[in-house]
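**Student:** give me a model of this one.
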Amino acid sequence: MAEAEATLHRLRSWQQQLESMPLASSAGLLRLDASGLHDSLAPVVANARERITALLLSLAGERCRAVLQELSFWREVAAGRPPELDGFLPWRAQLEALQEELGSRLAAAAEVDAALEVVLCFAGRLPTAVAVKRDDLREAAAALPGELEEAAAWELAQRGEHAGAVADQAGTLVEEAVMLEAELQVGGWAQGWD
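**Tutor:** The predicted structure follows:
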């Protein structure tokens, strides 16, 4: 991306030099006419600049959609918060994975935003659809850390509740196993089993 930006700066500089280039001048009896050179170079420089800007827009726009889709999925996971134990355990594992990846995903969003800023700087404006996606990406990247933090707090509270419920169920199972064992022993003595 830095190379594309440097190339665009160079092309802008060339374009400015072409625009400020004197088209005609005299040196003694000689008259110099640079209009032919100007007319042949100006479209080449403008075309190169437009093509690089369009390519960067295409790449950054596609990457923006992909990163936004990923962040939107993460926000859905953070908002999911399944209360039942069967859904809670996989959700908790997924939440932990998201928390570990948060830094790299926010860095990816910042890179996409920077690439679109370069396009905006050289093209003057972004297509409406890309501008909307960029705004959505910025919003998602800003909201996601807080949403994951809230989900982690809920997960911690829910984990305590599930641990208590599992302990109660384990206690009930132990009691039932003891009663079942006692019944088997009583039944065995009554029938003469050793």
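**Student:** residues contacting residue 47?
**Tutor:** Residue 47 makes no contacts at all, as judged by Cβ atoms under 8 Å, 6 or more residues apart in numbering. The way it works is simple: take the backbone N, C-alpha and C, and place the C-beta from them, glycine included.
**Student:** let me know the secondary structure of it.
**Tutor:** What DSSP: H, G, I helix; E, B strand; the rest coil gives for residue 47 is helix.
**Student:** now do the strands in the protein.
**Tutor:** With DSSP state E as the criterion, the chain has strands at 24-27, 30-33.
**Student:** average pLDDT across the first one?
**Tutor:** Computed over strand 24-27, the mean pLDDT rounds to 76.
**Student:** and the helices in the protein, which stretches?
**Tutor:** 2-20, 35-80, 85-123, 128-190 (DSSP state H).
**Student:** okay, now the unreliable bits of this protein?
**Tutor:** Filtered on pLDDT under 70, the chain yields the residue ranges 1-2, 4, 11, 18, 160-171, 173-174, 177, 182, 186-194.
**Student:** repeat that for 80
**Tutor:** For the chain, the stretches flagged by pLDDT under 80 are 1-35, 37-38, 45, 49, 83-87, 89, 159-194.
**Student:** for the most centrally placed residue in it, list the residues it contacts.
**Tutor:** Nearest residue to the geometric centre of the chain (Cα atoms, centre = their mean): residue 67, 3.4 Å. For residue 67, the contact set (Cβ under 8 Å, 6+ apart) comprises 105, 108, 109, 112, 137.
**Student:** let's see if you can find the most crowded of those.
**Tutor:** residue 112 (26 neighbours; other Cβ atoms under 10 Å).
**Student:** neighbours of residue 119, how many?
**Tutor:** Neighbours around residue 119, by other Cβ under 10 Å: 27.
**Student:** that one: what's it in contact with?
**Tutor:** Contacts of residue 119 (Cβ under 8 Å, 6+ apart): 53, 56, 57, 60, 126.
**Student:** 10 Å instead?
**Tutor:** Going by Cβ atoms under 10 Å, 6 or more residues apart in numbering, residue 119 touches 4-5, 8, 52-61, 125-127, 130, 134.
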